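Asker: my questions concern the predicted model and sequence given below.
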Amino acid sequence: MPRTNGLTAAASALRYWERRQEVASNNLANASTDGFKAERVFGQMLGDATTAARTATDLRTGTLRDTFNPLDLALGGDGFFVVGTPNGERYTRGGSFGLDADRRLVDAQGNLVLGEQGPIVLPQGAVSVDRAGAVSVDGKEVARLRLERPTAGTLLPHEGGTLFVPDGSGRPVADADRRVRQGALEESNVSPIGSLVDMIAVQRAYAAVQKAVTTLDAVRGTAVSDLGKPV
């Protein structure tokens, strides 16, 4: 294992703060994206005493905003809608849904919203969705939303703005825990002010590490050019 010195430790710190900046910028860019979940960065100490940046998703529920659009759906508490994408099934909290040309329920990106029996097709008529996710048209139930929650401790990698990649260990949300709200959307749980403060703190920390690198490099230069001279 290579020895850790001041420069390698500083380089590790710079990479950490660069990652913090990337995540903070992405969070801020999605502050108005419905269903978006903020990423948080934490440091993991490695065996050589350097620090690596790791990320985790903040799954706290965002504010629910009434839209009065019958195809907009929000979830209270935990759990996810399940959608079918070209890359397989994905989880999402973004409930801005609509209908495609075949009257299938789709998300904002055109991915199929899945019910317990597969894609949901809605005939003409007034659409209503109850608290448990039963979808009815003109009072007749036509489908039931597939709602799942991951196993506790599962890491859900982000894919795109509001999609998450499940690991296959998810389980259905129990009826008693279902809190579907029709005519509403869940806003991003990003705090714009908090993200701006974080970005400022990151920039200051990065500048401080850069100054340390410059100082260490000057010290090494002095050691090579001056201390090695004969006396």
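Answerer: Sure thing, it's come through. Residues are numbered from 1 along each chain as shown.

Asker: longest single helix anywhere in this protein?
Answerer: The longest helix of the chain (DSSP state H) is helix 192-225.

Asker: buried sites along it?
Answerer: Neighbour-count burial for helix 192-225 flags 195, 198-199, 202, 205-206, 209, 212-213 (criterion: 16 or more other CB atoms under 10 Å). For every residue, glycine as well, the C-beta is placed using N, CA and C.

Asker: what helix or strand is the most centrally placed residue in the chain on?
Answerer: With distances taken as CA atoms, centre = their mean, the residue of the chain nearest its centroid is residue 37 (4.1 Å). Under DSSP states H and E, no helix or strand contains residue 37.

Asker: that one and residue 163 touch, don't they?
Answerer: No. Residue 37 lies out of contact with residue 163 (CB atoms under 8 Å); the separation is 10.5 Å.

Asker: quick one on the thing from earlier: helices or strands up against the longest helix of the chain?
Answerer: Other elements packing on helix 192-225 under the criterion 3 or more CB pairs under 8 Å, 6 or more residues apart in numbering; DSSP states H and E are helix 6-29.

Asker: low-confidence ranges, the chain, go.
Answerer: Within the chain, the stretches with pLDDT under 70 are 1-6, 216-217, 219-231.

Asker: domain ranges for it?
Answerer: For the chain, automatic domain parsing gives the domain ranges 6-58+190-219, 64-186.

Asker: for the residue nearest to the centre of the chain, give me the backbone phi and psi.
Answerer: Main-chain torsions, residue 37, degrees, to the nearest 10: phi -120, psi 130.

Asker: give the contact list for it.
Answerer: Applying CB atoms under 8 Å, 6 or more residues apart in numbering to residue 37 gives the contacts 57-59, 93, 158, 162, 164, 188-189.

Asker: same thing but at 10 Å, please
Answerer: Going by CB atoms under 10 Å, 6 or more residues apart in numbering, residue 37 touches 27, 30, 57-62, 92-94, 156, 158, 161-162, 164, 186, 188-190.
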